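**Student:** Please find the sequence and the predicted model below.
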Amino acid sequence: MTPEEFRSAGHELIDWLADLRTSVPDRPVLAQVDPGQVAGEFSAEPPQGTQSFGQLMAELDSVVVPGLTQTLHPMHFGWFPSNAALSSVLGDIACSGISALGISWESNPSLTEVEQVTCDWMRQLIGLSDQWEGSIQDTASTACLVSMLVARERASGLAQNTGGTQAITQPLVVYTTAQAHSSVAKAALLAGFGWDNVRKVETDPATYAMIPAALEQAIERDLAAGNKPAAIVAAVGTTGTTAIDPVAAIVAIAQRHDCFVHVDAAMAGSVMLLPEYRHLWDGIEGVDAISWNPHKWMGTILDCSLLYFRDIALVEEIMATNPSYLRSNADGAVPQLRDRGIPLGRRFRALKLLFHLRLDGIESIKNRLRRDLENAQWLLQRVEASEHWEVCAPVPLQTICVRHRPDGLSGPELDEHTLAWVGRINQSGAAYLTPSILDGEWMVRVSIGVEATEREHVEALWELMQSACNTR
C-alpha cells in the first residue's frame with residue numbers, strides 16, 4: 001500500500017469508524033453470535049492474492065461487527081468502564097502511523113520523553129508528590145507482575161544476581177485478600193512465590209476491605225514459622241465491589257515489617273483525578289508502587305496502564321538490560337524505559353494520553369466522572385427504597401452490587417432467580433450486567449461509567465431490572 005492509497009483508505013476507515021460509533025446505541029449490547037460463528041465466516045486456508053479495501057470493509061460490517069460486545073454502548077454496565085475516547089483513538093492512530101521503535105532513548109527520543117512528560121502530568125493530576133516516577137505498561141496485570149518481581153528481589157537481597165529463586169532458603173510471602181483481582185495471585189505465581197506463600201487476609205464482612213489486624217496477625221504467624229513477609233497488595237477499588245483497603249494502616253504495618261506495598265487501583269485510580277475523593281487512599285505516599293489504568297474509567301483507549309514507583313533506582317537495578325547493540329553516548333544521562341518493565345520494545349502509548357488530555361481537557365474528564373458517581377447514587381437510592389431489592393456492599397464509587405430477593409427464596413433457588421433475571425437482560429441485548437458471587441451467593445454488579453451513559457440510560461436500566469425480576 002502506497003502513502004496515497006493509505007490516505008484514501010484512511011479517510012474511508014475514519015468515516016466508517018465515526019458511523020460505527022454513531023450507531024452503537026442502536027445495536028445489541030451483547031454480541032448476538034454463537035461460539036465459532038465468526039471464525040466460520042473465514043476460510044480455513046490462508047488468503048491468496050489481495051482483496052480490495054471495499055471488500056475488506058464489507059467483511060468488517062458483515063462478519064466482525066456482529067461479533068462485537070459493545071462495551072461503548074450507553075447500556076453497558078458490565079465488568080468495568082472500558083472507554084475509548086475518540087481523542088485518544090486519534091493518538092492511537094498516530095502511535096501506529098509513526099511506528100516508533102521504542103527499545104532505547106536513542107531509538108526514539110520523543111517516545112521516551114513524551115512518556116516521561118505525560119506520566120508526570122498524570123502524577124500531578126492524581127495528587128502524588130514528586131517522589132514518584134512512572135511508565136506506561138499494557139495492563140494492570142503486567143504492572144502487578146513487575147511489582148511482584150521487584151518485591152521478590154528486594155526481599156531476597158537481589159537473589160537474581162546469584163542463585164535466583166532456587167537459592168532462596170527462606171520462603172517469601174505475599175499478602176492480599178480474596179477480593180483482589182485474579183491478576184494479583186497470577187503475578188505472585190509467575191514471580192515464583194508459589195501458592196503456599198500467598199496469604200488471603202481476612203476482610204471486613206461489611207466493607208470487604210482488608211482488616212489491618214488480620215494482616216498483622218498473618219505476618220506474625222509467618223515470622224514465627226521462619227518465613228519472610230515480602231509484599232502486600234492492597235486494592236483501592238476491588239473488582240467485585242470496589243472495596244477500598246485501608247492504605248494508611250497497611251503502610252504502618254508494612255513499615256514495621258519491612259514489607260513492599262503495591263496498590264492496585266486499576267479502575268478506581270481514575271477517581272483520584274477528583275481531589276474530593278483522594279481521602280480514599282490516605283497513606284498512599286507510604287506505599288512502594290501504584291498502578292492504575294487510564295484505559296478504564298478515565299477513557300484513554302486501551303492499552304494504557306500507569307505504573308509508579310517511589311524507588312525507581314531499585315526498579316532499574318532489577319529490570320535493567322544493556323546489550324551491546326543498544327549502548328549509546330546517551331547512557332547514564334537519560335532513562336531507558338526498557339528498564340522499568342518487562343518488554344524491550346514498546347509502542348508510543350503516551351500519544352494516547354497526550355491527545356486525550358490536549359483535545360478533551362482534564363475538566364471534561366472530571367465532569368464525566370462526577371456525572372457517573374452521581375448516577376450511581378441515584379440508582380443506589382432507588383434500589384434501597386424498593387421492596388425485595390437489597391444492596392450487597394457499600395458504594396464508595398460507581399459500582400452498585402444488588403440482589404433481588406423475593407419472599408421465600410433462598411439458597412440455590414435464589415441463585416437460580418438471580419442468574420435468570422440478569423440472563424434475560426443480557427441475552428436481550430438491551431443492556432449488559434455482570435453477575436458475581438459474594439459471600440457464597442450470586443449478586444449482580446452494575447458498573448456505571450461508559451462515556452455515553454447518561455441519567456436516562458440508568459433510569460432505563462432500572463426499569464429493565466424491575467421488569468426482568470417480575471418475569472418468572
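**Tutor:** Looks like it came in fine.
**Student:** List the contacts of the residue most central in space within the chain.
**Tutor:** By Cα atoms, centre = their mean, the chain has its centre lying nearest to residue 266, at 3.9 Å. When the contact criterion is Cβ atoms under 8 Å, 6 or more residues apart in numbering, the partners of residue 266 are 80, 140, 181, 237, 291, 292, 293, 296, 305. The C-beta positions use only the backbone N, C-alpha and C, and glycine is treated the same way.
**Student:** What sits closest to it if chain neighbours are left out?
**Tutor:** Once flanking residues are discounted, residue 266 sits nearest to residue 140: 3.8 Å by Cβ to Cβ, 6 or more residues apart in numbering.
**Student:** What score does the one you found have for pLDDT?
**Tutor:** The confidence metric pLDDT takes the value 93 at residue 140.
**Student:** Return the residue of the protein that is most distant from the centre.
**Tutor:** The centre of the chain is farthest from one residue, residue 49, which by Cα atoms, centre = their mean lies 40.0 Å away.
**Student:** From residue 95, how far out is the residue nearest to the centre of the chain?
**Tutor:** 22 Å (Cβ to Cβ, to the nearest Å).
**Student:** do residue 241 as well
**Tutor:** When Cβ to Cβ is applied, the distance between residue 241 and residue 95 equals 35 Å.
**Student:** which residues of the stretch 51-200 of the chain fall in helices?
**Tutor:** Taking DSSP state H, counting those that start in this stretch, the helices of the stretch 51-200 of the chain run over residues 53-59, 86-98, 109-125, 140-156, 182-190.
**Student:** Which parts of the shortest one count as buried, going by neighbours?
**Tutor:** It stands for helix 53-59. Within helix 53-59, the residues that count as buried by 16 or more other Cβ atoms under 10 Å are residue 53.
**Student:** what does that helix rub up against?
**Tutor:** Against helix 53-59 from outside (Cβ under 8 Å, 6+ apart): 8, 9, 12, 13, 16.
**Student:** now that helix, how far from the centre of its chain.
**Tutor:** 33 Å (Cα atoms, centre = their mean, to the nearest Å).
**Student:** what's the domain layout of the protein?
**Tutor:** The chain breaks down by automatic domain parsing into domains covering 3-68, 93-360, 362-469.
**Student:** Look up how far residue 189 lies from the closest residue to residue 159 other than its chain neighbours.
**Tutor:** Among residues not flanking residue 159 along the chain, residue 168 sits closest, at 5.4 Å (Cβ to Cβ, 6+ apart). Residue 168 is 15 Å from residue 189, where distance means Cβ to Cβ.
**Student:** Likewise for residue 262?
**Tutor:** Taken as Cβ to Cβ, the span from residue 262 to residue 189 is 15 Å.
**Student:** between the two, which one's more packed in?
**Tutor:** Higher neighbour count among residue 262 and residue 189: residue 262, with 27 against 16, using other Cβ atoms under 10 Å.
**Student:** Let me see the backbone angles for that one.
**Tutor:** Phi and psi for residue 262, reported as degrees, to the nearest 10, are phi -110, psi 130.
**Student:** OK, contacts around it?
**Tutor:** When contacts are counted by Cβ under 8 Å, 6+ apart, residue 262 touches 144, 147-148, 151, 231-234, 287-291.
**Student:** all strands for this protein, in order.
**Tutor:** Assigned by DSSP state E, the strands in the chain fall at 133-137, 172-177, 198-201, 228-235, 260-264, 289-292, 305-309, 389-391, 399-404, 434-438, 441-447.
**Student:** average model confidence for the third one?
**Tutor:** Averaging pLDDT along strand 198-201 yields 97.
**Student:** from the middle of its chain, how far away would that strand be?
**Tutor:** Computed by Cα atoms, centre = their mean, the chain-centroid distance of strand 198-201 equals 22 Å.
**Student:** Tell me the strands beside that strand, with direction?
**Tutor:** According to DSSP bridges, strand 198-201 forms sheet pairs with strand 172-177 (parallel).
**Student:** Ok, the last one next?
**Tutor:** Each strand paired with strand 441-447, and its direction, by DSSP bridges: strand 399-404 (antiparallel), strand 434-438 (antiparallel).
**Student:** For residue 379, which of those is the nearest?
**Tutor:** The minimum distance between residue 379 and those falls on strand 399-404, with 5.6 Å, by Cβ to Cβ.
**Student:** So which bits of that closest one are buried?
**Tutor:** 399, 400, 401, 402, 403, 404.
**Student:** possible to save those residues as CSV with pLDDT?
**Tutor:** Shown next, in CSV, are the buried residues of strand 399-404 (pLDDT from 0 to 100):
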residue, pLDDT
399, 97
400, 97
401, 97
402, 98
403, 97
404, 97
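**Student:** count of neighbours near residue 370?
**Tutor:** For residue 370, the count of nearby residues is 15 (other Cβ under 10 Å).
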